[in-house]
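J.: give the three-dimensional model of this entry:
(2 chains)
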Amino acid sequence: MNAPGASPPDPRSIWTKKKMMIELNGVGKSFTLHNQGGTEIPVLAGAELSVAPGECVALTGASGAGKSTLMRMIYGNYRTQAGSIRVGGVDVTAAAPREILRLRREGLGYISQFLRVVPRVPTVAVVAEPLLQLGRPRDQALDVARGLLHRLNIPERLWDLSPTTFSGGEQQRVNIARGFAHAYPALLLDEPTASLDAVNRAVVLEMIAEAKARGAAILGIFHDVAARDAVCDRAVDVGAFTPGAVQ
Amino acid sequence: MTPLLQVTGLSKHYGARIGCAGVAFDLYPGEVLGIVGESGSGKSTLLNCLAGHLTPDRGQVLFDTRADGLRDTVTMSEPERRMLARTDWAFVHQNPRDGLRMGVSAGGNVGERLMAVGGRHYGRIRDTATDWLGRVEIAADRIDDRPSAFSGGMQQRLQIARNLVTGPRLVFMDEPTGGLDVSVQARLLDLLRGLVREMGLSAILVTHDLAVVRLLADRLMVMKSGHVVEAGLTDQVLDDPQHPYTQLLVSSVLQM
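T.: Predicted coordinates:
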C-alpha cells in the first residue's frame, strides 16, 4: 500500500525498471499426441535466455530445432511444461489468460509469418487495431496506421481493402505494420524479412533499429544472415536446448 | 478488478443423464469467453443455466449487479431475474425467430426493449432505434418493415440491435453465426468484435465453429459429455491443445 498522499505507482513502471525484459529459466517443452498412441515428443529442455531493453537477440539453430516453438511459448501461445518465462515481470507460464492478454496488449508484440484477420476488415483498420485495443482515439490510430502503410510501401489504393487477397509480401508488410503500430517494450519477430524485396527489407531493418533505440527488447528468428548481422547484438543457438544434447 | 460473473460447481441433470457437471469459471468485464464442444456436449445446457433459462441442480452463478454487488442469480426471485434479462443481460439466439417478434416492425423490435426498461417518449425511442439499425448496418428506410421481410443475416443483425440497445453488460450468444452463409458470417463477426470493444461488453459465446471462437473469444472452455475438459487462452487451447478430446477436435477441422 502507498502512504497517504503518495502518488499512485505508475502501472508502466514494470516495463522500465526491469534489467531483463525477457528472461527464461530452465524452460522445457514436450508435445503429447494423445490420438497417436500417446506419443510424447520432447522438444526443448533447460532453455536459458535473456534479452535486455534495447537489445536484439537472434534465435538460431537448424530447422525443427524449436525456434518458433520457443517464441510461441514466450508469447503464451504454447504451454510450457518446465521452468519460467518472465516478460516484463509477468511469468507467462503461470499467468491467468487475462494477464497474458494484457501483456500482449501493452507489453509484448509478436510478428509471425502469417497474417490472420477477420475477412472484410480494411487493411488500415487491421493495422490500427492494436492501438484501438489500447483505447487510443480512432483518428489517431488510423493516422499511425496510414503512416506505417506508407512507409512500408503498401499502395494507398489498397488501404481500404481487406488484406486477405494481397500477395504474400504485401500481407507480411501489413503484419509488420500492425506489429509496429504500438511501441511494445518487448517484441518477438519470426522471419520478419522473409519474403520482402531489398527496398522493403531495408525499411523493416530500419524500423527494428529504431525500436531498439527506443529501448525495446527484441528476440528474432532471421534466416537472412545479412539481416541478422545488421540488427542483432548476439545469437542464441536453440540447438543447445535440444533434449539430450550435451550442454 | 472484480469478476462480472463467478460460477462455481454448476451442475444440471436431465433424469439420470448429465447436462453439465461441476462447471466453474470467472468472467471479467470486457472478456469474451467461448464454449466449444460437439452437439450434446452440454454447452447449450450450460449457457441456458447461466442465463436463467434453466434452473441448475447445484452450484452458484454470482453476477455483479449494479445496485447490490454480487448476487446469486440461481436463488434470486423470478421478477429480479427477468429485470436482469431486460437490462444488464442480453441473449442472442441462433435462430433470429427465437429472439425477434416477427409480426412487429424492425423499429418496434428495438423499441420494445427500450420500453421494457421505462422508455416512453415515442420520438426518442424511434431515434434510438434508427441509430441502432445504422450501427448494425440496416438502412433507416427499413425501420417500418417486419423482420419476416429481411434476409437471415439482416434478421440476425436486428436481433443484435434489439439486444444491445439497452446497454447490457453481459451478452449470451448461442451459435450467433450458425445458419448464415460465410460472407454474411464474416460481416457479423466484424460487427460483433467492434461492438464488444466499443461497449466494453462481456460475452459468453457458444459455438461449434472453432474459426469463430478464434476471432471472437479471449478465452475458451472445451466441453465433452457435460464436463469442461480444457480451458485457457483461446489461441493456446487451439494451437497447443492438451486434452485428447481437444486434440481430436482441433485436428478434425478441414483445412482449406
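
J.: show me where chain A has its helices.
T.: Ranges of helices in chain A, per DSSP state H, are A:13-16, A:67-74, A:97-106, A:123-133, A:138-151, A:168-179, A:198-213, A:225-231.

J.: I meant to write the stretch 1-150 of chain B there.
T.: B:43-50, B:78-86, B:96-99, B:106-116, B:122-135 (DSSP state H, counting those that start in this stretch).

J.: tell me the most buried of the ones you listed?
T.: Of these, the one with the most neighbours on average (mean count of other CB atoms under 10 Å in any protein chain shown) is helix B:43-50, at a mean of 25. Yep, even glycine has a C-beta here, placed from its N, CA and C like the rest.

J.: before we move on, the earlier item: between the helices of the stretch 1-150 of chain B, which gets nearest to chain A?
T.: Set against chain A and scored by CB to the nearest CB, these come closest in helix B:122-135, at 14.7 Å.

J.: which other residues reach that closest one?
T.: Helix B:122-135 is contacted from outside by B:106-107, B:110-111, B:114-115, B:119, B:139-140, B:142-143, B:158, B:161, B:164-165, B:195, using CB atoms under 8 Å, 6 or more residues apart in numbering or on different chains.

J.: residues in contact with the helix or strand just after that helix?
T.: Sequence order places helix B:152-164 as the next helix or strand after helix B:122-135, per DSSP states H and E. The contact list for helix B:152-164 (CB under 8 Å, 6+ apart) reads B:90-93, B:96-97, B:99-100, B:106, B:109-110, B:112-113, B:129, B:132-133, B:135-138, B:142, B:147, B:150, B:171, B:176-177, B:179-181, B:184, B:187-188, B:191-192, B:195, B:199, B:201.

J.: swap in 6 Å and give it another go.
T.: Here helix B:152-164 makes contact (CB atoms under 6 Å, 6 or more residues apart in numbering or on different chains) with B:90, B:92, B:96, B:99-100, B:106, B:109-110, B:113, B:132, B:136, B:147, B:180, B:184.

J.: now the helices of the stretch 1-150 of chain B as TSV including mean pLDDT?
T.: Formatted as TSV, the helices of the stretch 1-150 of chain B follow (pLDDT from 0 to 100):
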stretch	mean pLDDT
helix B:43-50	95
helix B:78-86	91
helix B:96-99	92
helix B:106-116	92
helix B:122-135	91
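
J.: can you redo those helices as CSV with distance to residue B:240?
T.: Output for the helices of the stretch 1-150 of chain B, formatted as CSV (distance: least, CB to CB, whole Å):
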stretch, distance to residue B:240
helix B:43-50, 22
helix B:78-86, 37
helix B:96-99, 36
helix B:106-116, 41
helix B:122-135, 37
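
J.: for the residue in the stretch 1-150 of chain B positioned nearest to chain A, give me phi and psi.
T.: Chain A sits closest to residue B:28 of the stretch 1-150 of chain B, with a gap of 5.6 Å, by CB to the nearest CB. For residue B:28, the backbone dihedrals (degrees, to the nearest 10) come out as phi -100, psi 160.

J.: can you report how many residues lie near it?
T.: 19 (other CB atoms under 10 Å in any protein chain shown).

J.: that one reaches residue B:5, doesn't it?
T.: No - contact between residue B:28 and residue B:5 fails when scored by CB atoms under 6 Å: they sit 8.6 Å apart.

J.: helices of the stretch 151-256 of chain B, residue ranges please.
T.: For the stretch 151-256 of chain B, the helices defined by DSSP H, counting those that start in this stretch occupy B:152-164, B:182-199, B:210-216, B:234-239, B:244-251.

J.: poorly predicted segments of the chain, please.
T.: No chain specified, so I'll use chain A. Scanning chain A for pLDDT under 70 picks out the ranges A:1-18, A:245-247.

J.: try again with chain B
T.: For chain B (pLDDT under 70), the answer is B:255-256.

J.: show me which residues of it sit near chain A.
T.: Within reach of chain A by CB under 6 Å from any CB of the partner chain, chain B has these residues: B:28, B:186-187, B:189-190, B:215, B:218-219, B:233, B:235-236, B:239-240, B:244, B:247-248.

J.: and the residue in chain A that chain B sits nearest to, backbone torsions?
T.: Nearest residue of chain A to chain B, counting by CB to the nearest CB: residue A:34, 3.5 Å away. Recorded main-chain torsions at residue A:34 are phi -60, psi -30, according to degrees, to the nearest 10.

J.: for residue A:101, see how far away it is.
T.: Remark: distance between residue A:34 and residue A:101 (CB to CB, to the nearest Å) = 27 Å.

J.: neighbour count: those two, which is higher?
T.: Higher neighbour count among residue A:34 and residue A:101: residue A:101, with 20 against 16, using other CB under 10 Å.

J.: ok, the more buried one - contacts?
T.: residue B:218.

J.: pretty sure residue B:88 sits against residue B:169.
T.: Yes - applying CB under 6 Å, one finds residue B:88 in contact with residue B:169, separated by 4.9 Å.

J.: these two - which one has more neighbours?
T.: residue B:169 (22 against 18).

J.: any idea how far that one lies from residue B:10?
T.: Applying CB to CB, the value for residue B:169 to residue B:10 is 20 Å.

J.: just residue A:95 next, same as before
T.: Residue A:95 sits 25 Å away from residue B:10, taking CB to CB as the criterion.

J.: the two - which one has more neighbours?
T.: Shown here are residue A:95 and residue B:10; by other CB under 10 Å, residue B:10 has more neighbours (24 against 18).

J.: show me what the more buried one is bridged to.
T.: residue B:23 (DSSP bridges).

J.: does it touch residue B:57 like I think?
T.: No - contact criterion CB under 6 Å: residue B:10 and residue B:57 do not qualify, at 9.0 Å.

J.: excluding chain neighbours, what is closest to residue B:108?
T.: Spatial nearest neighbour of residue B:108, excluding adjacent residues (CB to CB, 6 or more residues apart in numbering or on different chains): residue B:101 at 7.3 Å.

J.: now do residue A:103
T.: In space, residue A:103 is closest to residue A:90, 5.1 Å off (CB to CB, 6+ apart).

J.: and what of residue B:37?
T.: Per CB to CB, 6+ apart, closest to residue B:37 is residue B:223, 3.6 Å.

J.: I'd say residue A:21 and residue A:218 touch.
T.: No - counting by CB under 6 Å, residue A:21 does not reach residue A:218; the two are 9.2 Å apart.

J.: related to what we said a few turns ago, give me phi/psi at the residue nearest to residue B:108?
T.: phi -100, psi 110.

J.: count of residues packed around it?
T.: Residues near residue B:101, counting by other CB under 10 Å: 13.

J.: over to residue A:19?
T.: 8.

J.: counting neighbours, what do you get for the nearest residue in space to residue A:196 that is not next to it in sequence?
T.: Spatial nearest neighbour of residue A:196, excluding adjacent residues (CB to CB, 6+ apart): residue A:169 at 5.8 Å. Residues contacting residue A:169 under the criterion other CB under 10 Å number 15.

J.: next: residue B:77.
T.: Using other CB under 10 Å, residue B:77 has 8 neighbouring residues.

J.: and residue B:33, by the same measure?
T.: With other CB under 10 Å as criterion, residue B:33 counts 23.
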